[in-house]
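Student: What shape does this take:
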Amino acid sequence: MTDPTILQPEYWRQRAKEARDAAREVHPGNRKILEDVAQSYEEMADLMEKHEPPAMPALLAGPAAKRIAAGRYQRPVPRARTCRSTQR
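Tutor: Sure, this is the predicted structure:
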């Protein structure tokens, strides 16, 4: 399921700001990487502004949709993995 927050341009602009702030605090050799990340976040924000986000019902399609909409959804607990060598 897609978190509706990531469909908002403000979310990506905030991430870009955080990346730029971090770029000021790192070694100059790593600064370019964080500036590129910030630029990518700005591009995501621009994309989110241009495209209308999908409606919530489309995001909530599936067997857990009613529980999610009602706020009663819990992530499934992953099953314990067993080593193949012990399964004889």
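
Student: how about Ala38, secondary structure?
Tutor: helix (DSSP: H, G, I helix; E, B strand; the rest coil).

Student: Okay, and Gly29 sits in which element?
Tutor: In the assignment (DSSP states H and E), Gly29 maps to helix 28-50.

Student: For that helix, buried residues please.
Tutor: Going by neighbour count (16 or more other Cβ atoms under 10 Å), the buried part of helix 28-50 is Leu34, Glu35, Val37, Ala38, Tyr41, Glu42, Met44, Ala45, Met48. Where C-beta positions appear, they are placed from N, C-alpha and C, glycine not excepted.

Student: and it, C-alpha only, in CSV?
Tutor: Taking Å, rounded to 0.1, in the frame of the first residue of the first chain, the C-alpha atoms of helix 28-50 are listed here in CSV:
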residue,chain,number,x,y,z
PRO,A,28,33.1,18.6,1.0
GLY,A,29,33.8,15.4,-0.9
ASN,A,30,30.3,14.1,0.0
ARG,A,31,28.5,17.3,-0.4
LYS,A,32,27.8,16.8,-4.1
ILE,A,33,26.0,13.5,-3.4
LEU,A,34,23.6,15.1,-0.9
GLU,A,35,23.0,18.0,-3.2
ASP,A,36,22.1,15.5,-6.0
VAL,A,37,19.7,13.8,-3.6
ALA,A,38,18.1,17.1,-2.8
GLN,A,39,17.7,17.9,-6.5
SER,A,40,16.0,14.5,-7.0
TYR,A,41,13.6,15.2,-4.2
GLU,A,42,12.8,18.6,-5.8
GLU,A,43,12.0,16.8,-9.1
MET,A,44,9.7,14.4,-7.2
ALA,A,45,7.9,17.4,-5.7
ASP,A,46,7.5,18.8,-9.2
LEU,A,47,6.1,15.5,-10.4
MET,A,48,3.6,15.3,-7.6
GLU,A,49,2.4,18.9,-8.4
LYS,A,50,1.9,18.0,-12.0
